[in-house]
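# Predicted model, plus sequence, below.
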Amino acid sequence: MSSSMMSDSKLNTLPDQIMALPKEKFETKIALSGIEPKLLNGLLSFETYFELLKLPIPTKLDNMIERFEEENLIKRRGTRFGITNLAAILFAKDLAQYEDLTRKSIRLIAYDGKDRITTKKEYEERRGYAVAFSPILRFLDTIKADLIKDSNPSNKSRKHARYIPFWAN
């Protein structure tokens, strides 16, 4: 058997080997590990979670941690915790504290005109997506107000409406 035939057969089994590898979803991977319970409140906005779900905010940190554990947002490792990517991307007080998620922060840019040469307004949010949701909507409202102000009043066909998701009330 020639060496090229042998390498071809190895290549043919490679897709099966790749498919057999365990795959962990992005959301369940640990973004930050070895966190003491008392430090979790400085890294995650527990309050945002409870406010969005319209649940009473627990007065004890232990109850908040327990709820996040139930939702698999944090994982206990002995006496310390690991924060999942999902918990960090949604509820981080500062995404810069999570090395692999720093570049996932929200950045909105409004350009002057149709090209992307001149920046009119820019907004960067370092907090998690759920924490930053309201400020992002406010920024988009200012952009919309500028569009209305800059639009030609003789063109009556343009209509602007604010979209608010039902769950954001």
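Sure, I can see it.
# ok, Arg77 - contacts?
Contact analysis of Arg77 by C-beta atoms under 8 Å, 6 or more residues apart in numbering lists Ser33, Gly34. Quick note: C-beta positions are derived from backbone N, CA and C, even for glycine.
# Break this structure down into its structural domains.
Per the record, the chain has its domains at 26-103, 104-152, by automatic domain parsing.
# rank these by mean pLDDT and give me the bottom one.
Per-stretch mean pLDDT for the domains of the chain is lowest at domain 104-152 (a mean of 83).
# OK, contacts around Leu101?
Counted by C-beta under 8 Å, 6+ apart, Leu101 has contacts Ala31, Asn85, Ala88, Ile89, Ala92, Leu95.
# Which of the three states applies to it?
helix (DSSP: H, G, I helix; E, B strand; the rest coil).
# how much space between it and Glu51?
Distance of Leu101 to Glu51, computed by C-beta to C-beta, to the nearest Å: 22 Å.
# on contacts alone, who are the packing partners of whichever strand or helix holds Leu32?
Using DSSP states H and E, Leu32 maps to strand 30-35. Counting contacts by 3 or more C-beta pairs under 8 Å, 6 or more residues apart in numbering; DSSP states H and E, strand 30-35 packs against strand 74-77, strand 80-84, helix 85-91.
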